[in-house]
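Visitor: Got a predicted structure here, sequence first:
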Amino acid sequence: MSVVSYEMQGDIGIIWIDNPPVNALSQALRDGIYDAVTAAQDDHSKALLLICRGRTFIAGADISEFGKPLTGRDFNQVLECIEHSAKPIIAAIHGTALGGGLETALACHYRCALPSAMVGLPEVHLGLLPGAGGTQRVPRLIGVEAAIKMITSGAPIKAAAALEAKLIDHMVDGDDLLAGALAYAEQLIANAAPLLRVRDITIDSASFDAAIFDLSRKQLSRQARGQVAPQRIVDCIEAAATMPFDQGLAIEQGHFLDCMASSQSAAMRHIFFAQREASKIKDLPKETSKRHIQSVAIIGGGTMGGGIAMNFANAGIPVTMLEINDQALQRGLAIVDKNYTATVKKGKLSEAKKQCCMDLITGTTNYQDLANVDLVIEAVFENLDIKKQVFAKLDEVCKPGAILATNTSYQDVNAIAAATQRPEDVIGLHFFSPANIMKLLEIVRADKTSDEVIATSMAVAKAIGKVPVLSGVCFGFIGNRMFSQYGREAQLCLIEGASAEQIDRVMENFGMAMGPIAVSDLAGIDIGYKVREAMSDEEKGDPRSYCIADVLVEQGRLGQKTGAGFYKYDPQTRARLNDPEVTALIEAQATKYNITRRAFSDEEIIDRLLLPLVNEGAKILQEGIAQRPSDIDVVYVFGYGFPVYQGGPMHYADHIGLETVYKKLCALQQQSGDDFWQPAELIKNLAENGSSFAHWAHNQN
Ligand code: T1G
């Protein structure tokens with residue numbers, strides 16, 4: 001099937017693009033457009049229309065081709081052919097014209113769109129920059145400042161805003177794009193409209209402040225800390241503002257190729273596909289039916305319950321919040337109202353939309369009110385016995401076919417399912433705090449969870465805008481199981497001599513959103529303390545990994561919420577400050593455990609905190625808890641602030657090489673004499689075969 005076809009309607013030549021699923025600019029499509037435009041120069045058409053079949057206009061270059069040798073016409077050859085056409089070419093846009101798609105439209109002489117269309121240059125999310133003239137054409141149309149904002153954010157804009165910004169020239173009335181575009185083309189012909197080439201526009205130096213480029217670079221070094229592409233985008237736009245088009249285009253091409261070859265872009269492209277792969281379940285038949293989820297109940301109106309409820313209200317799904325008494329219920333509903341109010345204050349939500357969402361959330365203290373809901377999510381205190389009681393009650397009152405989900409972070413979902421007569425309808429839906437913000441949703445498949453319930457849960461996750469990852473049942477599932485090893489090592493580095501400031505600085509320079517010690521203070525040191533209270537000594541693990549936290553909690557230093565934890569916090573600026581009292585406390589604990597404190601290199605901290613993530617991830621794969629290494633990467637990027645431009649723990653391990661990982665683990669095991677560092681069998685085998693997690697995953701398919 002050809003991805004490009006051509007037909008004449010009257011004196012208009014229509015170039016049809018048909019390259020499902022998103023009309024990505026593959027090599028075949030680039031060549032097809034080039035050939036169609038070239039051929040049409042000789043026919044009797046007076047104008048050409050570039051229009052796509054399927055759900056969207058060109059949604060960008062074909063990302064799956066990146067990193068491979070470029071074949072056929074390159075982007076700029078195709079766009080030059082369009083721009084130098086002897087007859088006007090009109091882009092007819094629907095869906096999302098993104099990246100190379102918008103760049104193709106900008107090389108056309110005119111652009112029209114459906115009101116529902118969106119346009120954008122999201123390359124920055126792939127560690128790239130627009131590589132087909134986007135950084136040169138967009139500022140010529142919308143100005144330097146707006147172009148910097150649009151391209152460094154990668155955010156799409158609606159057709160109406162694009163029309164106002166002159167990125168498109170005409171809005172098609174109604175929803176018949178072809179008819180509207182043909183009428184617009186006829187009108188241009190009738191008016192003998194000139195061949196408008198965006199490249200011919202010169203940016204007036206008086207239209208921008210020359211200081212904007214360095215100012216933007218400074219802002220981006222904070223907002224997109226560690227990322228290269230945003231900085232290069234500013235360089236390209238500066239070139240557009242100060243150089244002739246072709247010179248600026250050459251600069252863009254150079255930076256584009258550098259970004260394409262960078263490890264940051266490889267990591268971000270990995271996450272792009274990994275995020276989509278994660279929702280594909282290997283042993284689940286594609287035709288597995290899904291249940292209709294049109295009403296939801298949340299058991300528990302705490303921070304998590306309130307946040308979870310908001311996800312469904314935001315998606316227009318009615319939610320019933322159940323609490324044990326009216327006081328708790330009102331408190332729960334107040335949490336939701338407060339969250340929405342904060343979003344309205346930030347200008348990210350209208351008051352009307354807030355009210356619409358709040359109207360979808362009702363409260364009750366009576367389980368009987370849940371008799372007809374399609375999905376229940378339990379979000380009560382993290383205690384197995386309490387959860388079992390809740391599920392036994394739900395089993396009594398909920399209709400057959402209702403899905404009964406638990407938001408537990410650690411507990412055994414099989415044990416919870418066993419508290420009901422319908423274990424096939426029980427599943428884990430593990431949200432991450434704040435539940436209305438964090439994208440990750442761990443979907444925990446218990447032994448008896450049915451395929452239909454799993455398929456339905458995946459669909460629900462997407463419907464509420466989450467990134468779902470399937471996990472098997474183990475203590476902490478994927479994310480928390482790995483995170484506890486990371487946290488263990490952070491605490492051991494602390495007692496062995498590294499300072500909290502050094503540990504957090506090293507991990508934040510690596511790209512983590514926040515260092516582990518600061519995370520403990522943010523979340524509350526008492527949370528781990530309470531979890532440990534319900535554990536045996538064996539379950540708690542090495543006492544050296546929590547002794548400092550225990551003393552801090554017993555001194556009432558719970559973290560940010562008490563103004564002091566591992567750090568003390570400036571009451572005005574809330575800045576975290578090193579506290580000599582904590583240093584003395586750590587030294588006392590080191591003495592108690594006969595530890596001679598010593599200096600740490602930054603590299604050792606990186607190894608001590610990241611290698612346990614990789615090692616535990618490998619064990620999780622061996623046990624079949626996670627489907628694939630890239631699923632683990634998705635968990636860490638979307639749930640734990642792992643830098644997207646490092647690609648997640650398993651991609652990072654492949655990047656440094658599993659032989660290196662294996663050698664470092666063996667060295668740490670030998671130095672410490674602690675079997676904690678015993679390399680997972682999978683790492684040993686892959687290292688000995690010079691393989692990688694990615695190759696292993698590919699061979700598993
Ligand atoms: N290339 C290849 N495959 C793509 C793709 C792309 N650009 N976009 C989507 N897919 C696949 C995706 O992997 C999935 O595959 C299927 O299409 C449906 O996607 C030169 C260099 C368009 C908003 O970054 O944002 O242009 O899992 O599940 O939710 O300057 O896809 O079904 O096998 O996401 O409806 C710039 C990326 C590229 C846009 C649709 N463009 N795509 O969302 O469907 S770089 C982008 C999206 C570039 C130029 C530069 C979204 C979407 P599968 P989906 P969706």
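Guide: Sure thing, it's come through.
Visitor: For the stretch 251-400 of the chain, just list every one of the helices.
Guide: With DSSP state H, counting those that start in this stretch as the criterion, the stretch 251-400 of the chain has helices at 263-277, 303-314, 326-345, 351-359, 384-397.
Visitor: so which of those gets nearest the ligand?
Guide: Closest of the helices of the stretch 251-400 of the chain to the ligand is helix 263-277, at 4.1 Å (criterion: Cβ to the nearest ligand atom). (C-beta placed from N, C-alpha, C; glycine too.)
Visitor: Name the residues of the stretch 51-200 of the chain found near the ligand, please.
Guide: Neighbours of the ligand within the stretch 51-200 of the chain, by Cβ under 6 Å from any ligand atom: 59-64, 75, 96, 98-100, 103, 122-123, 126, 128, 130-132, 134.
Visitor: Could you rerun that using 8 Å?
Guide: Residues of the stretch 51-200 of the chain lying close to the ligand (Cβ under 8 Å from any ligand atom) are 55-56, 59-66, 75, 95-96, 98-101, 103, 121-123, 125-126, 128-132, 134.
Visitor: Which residue ranges make up each domain of this structure?
Guide: Per automatic domain parsing, the domain ranges recorded for the chain read 4-260, 296-471, 479-592, 602-700.
Visitor: ok, and the closest non-adjacent residue to V22?
Guide: The shortest distance from V22 to any non-neighbouring residue, by Cβ to Cβ, 6 or more residues apart in numbering, is to A59 (3.8 Å).
Visitor: Could you pull up the contacting residues of the one you found?
Guide: 22-24, 95-99, 101 (Cβ atoms under 8 Å, 6 or more residues apart in numbering).
Visitor: In CSV: these, plus pLDDT, neighbour count and secondary structure.
Guide: Output for these, formatted as CSV (pLDDT from 0 to 100; neighbours: other Cβ atoms under 10 Å; DSSP: H, G, I helix; E, B strand; the rest coil):
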residue, pLDDT, neighbour count, secondary structure
V22, 97, 19, coil
N23, 98, 24, coil
A24, 97, 22, coil
G95, 98, 21, coil
T96, 98, 22, strand
A97, 98, 34, strand
L98, 98, 24, strand
G99, 98, 29, coil
G101, 98, 29, helix
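Visitor: nearest to L284, of the residues you listed?
Guide: Minimum distance to L284 across the contacts of A59 is 23.8 Å, recorded for V22 (Cβ to Cβ).
Visitor: wouldn't the closest one be in contact with F57 here?
Guide: No: between V22 and F57 there is no contact under Cβ atoms under 8 Å: 9.2 Å.
Visitor: distance of the residue of the stretch 501-650 of the chain found nearest the ligand from P649?
Guide: In the stretch 501-650 of the chain, the residue that lies nearest the ligand is S630 (12.4 Å; Cβ to the nearest ligand atom). Distance of S630 to P649, given as Cβ to Cβ, to the nearest Å: 11 Å.
Visitor: Which one's more surrounded, the two?
Guide: Per other Cβ atoms under 10 Å, whichever of S630 and P649 has more neighbours is P649, with 28 against 25.
Visitor: For this protein, which residues are neighbours of the ligand?
Guide: So far as Cβ under 8 Å from any ligand atom goes, the chain lies against the ligand at 21-22, 24-25, 55-56, 59-66, 75, 95-96, 98-101, 103, 121-123, 125-126, 128-132, 134, 256, 260, 272-273, 276-277, 280.
Visitor: just how off-centre is stretch 566-579 within its chain?
Guide: For stretch 566-579, the distance from its own C-alpha centre to the chain's C-alpha centre is 30 Å (Cα atoms, centre = their mean, to the nearest Å).
Visitor: burial of Y6, as a residue count?
Guide: Y6 has 18 neighbours, counted by other Cβ under 10 Å.
Visitor: contacting residues for the closest residue to it other than its chain neighbours?
Guide: Nearest non-adjacent residue to Y6, counting by Cβ to Cβ, 6+ apart: A36, 5.2 Å away. The neighbours of A36, taking Cβ under 8 Å, 6+ apart as the test, are 4, 6, 15.
Visitor: Which element is encountered next along the chain beyond the strand or helix carrying the last one?
Guide: It refers to I15. Using DSSP states H and E, the element containing I15 is strand 12-17. Where DSSP H and E defines the elements, the next helix or strand beyond strand 12-17 is helix 27-40.
Visitor: between that following helix and strand 12-17, how big is the angle?
Guide: Here helix 27-40 runs at an angle of 170 degrees relative to strand 12-17 (axes from the mean of the first three to the mean of the last three Cα atoms, to 10 degrees).
Visitor: Could you export helix 27-40 as PDB, CA atoms only?
Guide: Listed next in PDB are the C-alpha coordinates belonging to helix 27-40 (Å, rounded to 0.1, in the frame of the first residue of the first chain):
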ATOM      1  CA  GLN A  27      11.400   7.300   4.600                       C
ATOM      2  CA  ALA A  28       8.600   6.000   2.300                       C
ATOM      3  CA  LEU A  29       6.500   9.000   3.200                       C
ATOM      4  CA  ARG A  30       9.300  11.500   2.700                       C
ATOM      5  CA  ASP A  31      10.000  10.100  -0.800                       C
ATOM      6  CA  GLY A  32       6.300   9.900  -1.600                       C
ATOM      7  CA  ILE A  33       5.700  13.500  -0.800                       C
ATOM      8  CA  TYR A  34       8.800  14.600  -2.700                       C
ATOM      9  CA  ASP A  35       7.700  12.600  -5.800                       C
ATOM     10  CA  ALA A  36       4.100  13.800  -5.700                       C
ATOM     11  CA  VAL A  37       5.000  17.500  -5.400                       C
ATOM     12  CA  THR A  38       7.600  17.100  -8.200                       C
ATOM     13  CA  ALA A  39       5.200  15.400 -10.500                       C
ATOM     14  CA  ALA A  40       2.400  17.800  -9.800                       C
END
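Visitor: residues of it that come out buried?
Guide: 27, 29-37, 40 (16 or more other Cβ atoms under 10 Å).
Visitor: Can you tell me how far S433 is from L178?
Guide: 48 Å.
Visitor: Who has more neighbours out of the two?
Guide: Using other Cβ under 10 Å as the criterion, S433 and L178 rank with L178 on top: 15 against 12.
Visitor: so the residue lying closest to the more buried one once chain neighbours are set aside bridges to which residues?
Guide: The spatial neighbour of L178 that comes closest, neighbours along the chain excluded (Cβ to Cβ, 6+ apart), is I51 at 6.4 Å. Note on I51: beta-bridge partners by DSSP bridges are W16, A92.
Visitor: which residues does I51 contact?
Guide: By Cβ under 8 Å, 6+ apart, the neighbours of I51 are 14-17, 57, 91-92, 177-178, 181.
Visitor: For it, give its distance to the ligand.
Guide: Using Cβ to the nearest ligand atom, to the nearest Å, I51 is found at 17 Å from the ligand.
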